[in-house]
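J.: sequence and computational prediction follow.
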Amino acid sequence: MASQLAIDSALHALRTEPQRKTHNTGELMDQLESFIDEGNVAVPSSTVIVPLVKEWLSPKSVIDIGCAYGIWLKAFRDQGCERILGVDADWVDRNKLVIPPECFLARDLAATDLWLTFDQRFDLAVCLETAEHVPLRNANLLVACLVSAAPAVLFSAAPPGQMGHRHINCQPLYWWRELFALYDFRMRDPLRPLIREDQRIGWWYRQNMVLFADSRYINAKPALPEIPVGRECEWVRYEVFNEFFHPKSAPRAFVSEVWRRIHRRMFPQVKEAARRRAVGAKREY
């Protein structure tokens, strides 16, 4: 399993010596592919974060909207959670689920008629690095589904500038905070001060993960630290943005190669389309 430190070192080498031609680019790309793979990031991240959430909130039932293969739900189940449900689009390969198939519900979060109803509410809703993939028109619907599903929501979403495939609705944290406030859900920030330097956890979780909860729930959980009005934290990780987004951080060709490999790894249909185009080009030639 690739470590974040190894990836940081690889990017640092490319940033500090961009003109050298002796870098083993293939090896660096393999490291990055391994790091980007969901299991390499979500598994250690959830292993660290879920026990903290359990200590504060003690959820017995959890729903994860945007669950992918259910790695976070598995972590909650391993911590004694009795009822789980994962929701994501039909692209999820059921053979790769790490939760029972009956605990997965296929729903397209980008559908114009998005709405989720449940027979019972859950103790906690989870929505991690999903909201940026949902069209702007559905952002309010997504939040409405989350607050109707549970009195507390563990939430993280990419801010403007965070790279990723189909990041079509990157919003600053205050934007989401104001949207949750329409439903009388207030933000709490118990996790980030504890995990911000823990390199076992993906940097996007360390930067973006907060908790939203309704007033009654917050009042019943005195262990959750209060955030003074006007002091809500909007910080971003400078060193991460400097590595990934500064125009001098890495050669443009390297960044292009990163995304080419991600697309070919994650989306077989893209790979097949590229093969067909190549065959067609050879015929024309």
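T.: On my side now, so go ahead. Numbering: from 1, shown residues only.

J.: please tell me how far Asn140 sits from Pro151.
T.: Going from Asn140 to Pro151 by CB to CB, to the nearest Å gives 19 Å. For every residue, glycine as well, the C-beta is placed using N, CA and C.

J.: and those two? which has more neighbours close in?
T.: Pro151 (21 against 12; other CB atoms under 10 Å).

J.: is it true that the more buried one touches Asp214?
T.: Yes. The criterion here is CB atoms under 8 Å, and Pro151 meets it with Asp214 at 5.1 Å.

J.: and the helix or strand where Lys74 lies, which residues are buried?
T.: Taking DSSP states H and E as the definition, one finds Lys74 inside helix 71-78. Applying a neighbour-count criterion of 16 or more other CB atoms under 10 Å, one finds Ile71, Trp72, Leu73, Lys74, Ala75, Phe76, Arg77 buried in helix 71-78.

J.: SS state for Ile84?
T.: Ile84 carries the three-state label strand when classified by DSSP: H, G, I helix; E, B strand; the rest coil.

J.: per-residue pLDDT of it, please?
T.: If you check Ile84, the pLDDT there is 97.

J.: may I have the beta-bridge partners of it?
T.: Beta-bridge partners recorded for Ile84 (DSSP bridges): Val62.

J.: where's it relative to Leu194, distance?
T.: Ile84 is 24 Å from Leu194, where distance means CB to CB.

J.: these two: who's more crowded?
T.: Shown here are Ile84 and Leu194; by other CB under 10 Å, Ile84 has more neighbours (23 against 12).

J.: count of residues packed around the closest residue to Pro51 other than its chain neighbours?
T.: Using CB to CB, 6 or more residues apart in numbering and skipping the chain neighbours, the partner closest in space to Pro51 is Gln79 (6.2 Å). Using other CB under 10 Å, Gln79 has 17 neighbouring residues.

J.: check contacts around Gly70.
T.: By CB atoms under 8 Å, 6 or more residues apart in numbering, the contact set of Gly70 is Asp64, Ile84, Gly86, Leu97, Val98, Ile99, Cys103, Phe104.

J.: now the spatially closest residue to it that is not a sequence neighbour, what are its backbone angles?
T.: In space, not counting the residues next to it along the chain, Gly70 is nearest to Ile99; the distance is 3.6 Å by CB to CB, 6+ apart. Note on Ile99: its backbone torsions stand at phi -120, psi 160 [degrees, to the nearest 10].

J.: for Ile99, give me the pLDDT.
T.: 95.

J.: quick one: it from Ile49, how far?
T.: Applying CB to CB, the value for Ile99 to Ile49 is 17 Å.

J.: more neighbours, those two?
T.: Using other CB under 10 Å, the more surrounded residue of Ile99 and Ile49 is Ile49, with 24 against 20.

J.: that one touches Pro190, doesn't it?
T.: No. If you go by CB under 8 Å, Ile49 and Pro190 don't touch, sitting 10.8 Å apart.

J.: and Ala110, helix, strand or coil?
T.: coil.

J.: count of neighbours near the nearest residue to it once chain neighbours are set aside?
T.: Using CB to CB, 6+ apart and skipping residues adjacent in sequence, the residue nearest Ala110 is Pro135, 5.5 Å away. Per other CB under 10 Å, the neighbour tally for Pro135 reads 15.

J.: and the helix holding Lys74, what does it pack against?
T.: Packing partners of helix 71-78 (3 or more CB pairs under 8 Å, 6 or more residues apart in numbering; DSSP states H and E): helix 38-57, strand 61-65, strand 83-88, strand 124-128.
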